[in-house]
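J.: show me the folded form of this:
(one chain, ligands or ions: 1)
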Amino acid sequence: MIKPYRDLNTYFRELYGHRVHKLTVDAGLTCPNRDGTISTRGCIYCNNQGSGTGAFSRGLSIREQLEQSKIPVARRFKARKFIAYFQSYTNTYAPVATLARLYDEALAVEDVIGLSVGTRPDCTGDAVLDLLADYAGRHLVWVEYGLQSACDHTLRRINRGHDVACFEDALARARQRGLPVCAHVIIGLPGETRRDMLTTARFLADRAIDGVKLHLLYVIRDTPLASLYRQGRFQCLKQQAYAELVCDFIERLAPQTVIQRVTGDPHPRELVAPIWALRKRETLDLIHTIFKQRSSQQGRHYAPPATADTPTGSEPRKTARGKNR
Ligand code: SF4
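T.: Predicted coordinates for the structure are as follows:
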């Protein structure tokens, strides 16, 4: 099926000519918004797992995590090569030598051809970005920054602990080094209007962002958001409204931007609401149906800014492409 947006599989096929799959890694790091450096409360939707798998706390090394997950993924998706996706917590929040050891361990696993490093924009000093740029000379390397919203009032409300200017600075410094950046955005944050969400879309479009991951805001146990939900002070989006907002958002992004995700994957045991968040296939189908009904696709309402950069992710660096097939 041809998707109405440039998804990750399409991007990998353009790049490598075959299926590549991201494998999630938990490196056992922490986050400055949890360890007391910024705060101990964390973002209001995050539990103490830091969006992670908990694999590290179960005693699995990075090598073991990758070796265990690549077999079923290769069988199910016919993937031949893999990207190690450092997902849990903040994966640049450690001394550079420690990070190099973690990334090296992942890249030493057979058929792992690159890194995707999830982090906060306030945790990417120049030394860390230099390290990632060095890997990018030999491998495919993406940086994934949590932005969530381009509205500072929302970032304060959700206790992100950084502002939009911090993201802009981190984006510019990654770009100076040729690193493609994927921005994580949450749809349905407390107090956000449709206009706020589309402000975020326009903000990213104006910066010709390389990739975007869209997440539904769902409520999980043991979070400040769960308390707000129980008190009736926060309501989840309905499935139809979410799907329409996702389409609105993608229509405003540049056609080259890689849409890496259009919804989230809550753990059934942790999820409080909305229950429809567990029906991922249904949500994906709904998004595609809405695009079809609108006769629309990614970029339909994209207006290039006068000084738009070329998205880094649209033209992968030759070094990464050539050496990792
Ligand atoms: S930055 Fe990530 S790990 Fe840290 S509190 Fe927020 S969601 Fe949790």
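J.: residues touching Tyr85, list them.
T.: Lys22, Leu23, Thr24, Val25, Leu115, Ser116, Gly118 (Cβ atoms under 8 Å, 6 or more residues apart in numbering). Glycine gets a C-beta too; all of them are placed from N, C-alpha and C.
J.: wait, which of those residues is closest to Cys182?
T.: In terms of Cβ to Cβ, no member of the contacts of Tyr85 lies closer to Cys182 than Ser116, at 7.5 Å.
J.: of the contacts of Tyr85 - the most surrounded one?
T.: Counting neighbours by other Cβ atoms under 10 Å, Val25 leads those with 34 neighbours.
J.: thinking again about what came up before, among the contacts of Tyr85, which are in strands?
T.: Mapping the contacts of Tyr85 onto strands (DSSP state E) picks out Lys22, Leu23, Thr24, Val25, Leu115, Ser116, Gly118.
J.: so who does the first one touch?
T.: Pointing back at Lys22 there. Here Lys22 is in contact with Leu8, Phe82, Ile83, Ala84, Tyr85, Ser116 (Cβ under 8 Å, 6+ apart).
J.: of all the contacts of Tyr85, which comes closest to the ligand?
T.: If you rank the contacts of Tyr85 by distance to the ligand using Cβ to the nearest ligand atom, Gly118 comes first, at 8.3 Å.
J.: measure stretch 94-113 end to end?
T.: 23 Å (Cα to Cα, to the nearest Å).
J.: what's that stretch in contact with?
T.: Here stretch 94-113 has contacts from 20, 23, 25, 27, 29, 61-63, 66-67, 70, 80-84, 86, 91-92, 114-115, 117, 127-128, 131, 135, 139-140, 324-325, using Cβ under 8 Å, 6+ apart.
J.: helix, strand or coil: sort out Arg281 for me.
T.: State at Arg281, reduced to three classes by DSSP: H, G, I helix; E, B strand; the rest coil: helix.
J.: do you know the pLDDT at it?
T.: Per-residue pLDDT puts Arg281 at 96.
J.: tally of neighbours for it?
T.: 7.
J.: for it, list the residues it contacts.
T.: The contact partners of Arg281, taken as Cβ under 8 Å, 6+ apart, number zero.
J.: now the strands for the stretch 201-325 of the chain?
T.: For the stretch 201-325 of the chain, strands defined by DSSP state E, counting those that start in this stretch occupy the ranges 211-216, 219-220, 258-261, 271-273.
J.: gap between the first one and the chain center?
T.: Put plainly, it is strand 211-216. Here the centre of strand 211-216 is set off from its chain's centre by 6 Å, with Cα atoms, centre = their mean, to the nearest Å.
J.: ok, Leu271 touching Leu278?
T.: Yes. The pair Leu271 and Leu278 passes the contact test of Cβ atoms under 8 Å, sitting 6.6 Å apart.
J.: surely Ala84 meets Gly118?
T.: No. With contact defined as Cβ under 8 Å, Ala84 does not reach Gly118; the gap is 11.1 Å.
J.: in the protein, which spans are helices?
T.: 8-16, 62-77, 96-107, 126-136, 152-157, 164-176, 194-206, 224-230, 239-251, 280-294, 318-323 (DSSP state H).
J.: worst average pLDDT in those?
T.: The bottom spot among the helices of the chain, by mean pLDDT, belongs to helix 318-323, with a mean of 32.
J.: need the residues of the protein near the ligand, please.
T.: Applying Cβ under 6 Å from any ligand atom, we find that the chain lies next to the ligand at Cys31, Asn33, Arg34, Gly42, Cys43, Cys46, Gly50, Ser51, Tyr89, Thr90, Arg120, Gly146.
J.: run through the residues that contact the closest residue to Asp222 other than its chain neighbours.
T.: Nearest non-adjacent residue to Asp222, counting by Cβ to Cβ, 6 or more residues apart in numbering: Asn47, 5.0 Å away. By Cβ under 8 Å, 6+ apart, the residues touching Asn47 are Ile220, Arg221, Asp222, Thr223, Glu270.
J.: nearest to the ligand among those residues?
T.: Thr223 (9.4 Å).
J.: show me the contacts for Asp152.
T.: Asp163, Val164.
J.: try the one 4 residues further on
T.: Residues in contact with Arg156, defined by Cβ under 8 Å, 6+ apart, are absent; none qualify.
J.: which stretch among the helices of the chain comes nearest Pro304?
T.: Here helix 194-206 is closest among the helices of the chain (Cβ to Cβ), at 8.1 Å.
J.: neighbouring contacts of that closest one?
T.: Contacts of helix 194-206 (Cβ under 8 Å, 6+ apart): 147, 149-151, 154, 164, 183, 185, 187, 212, 245, 248-249, 252-254, 257, 302-303, 305, 308.
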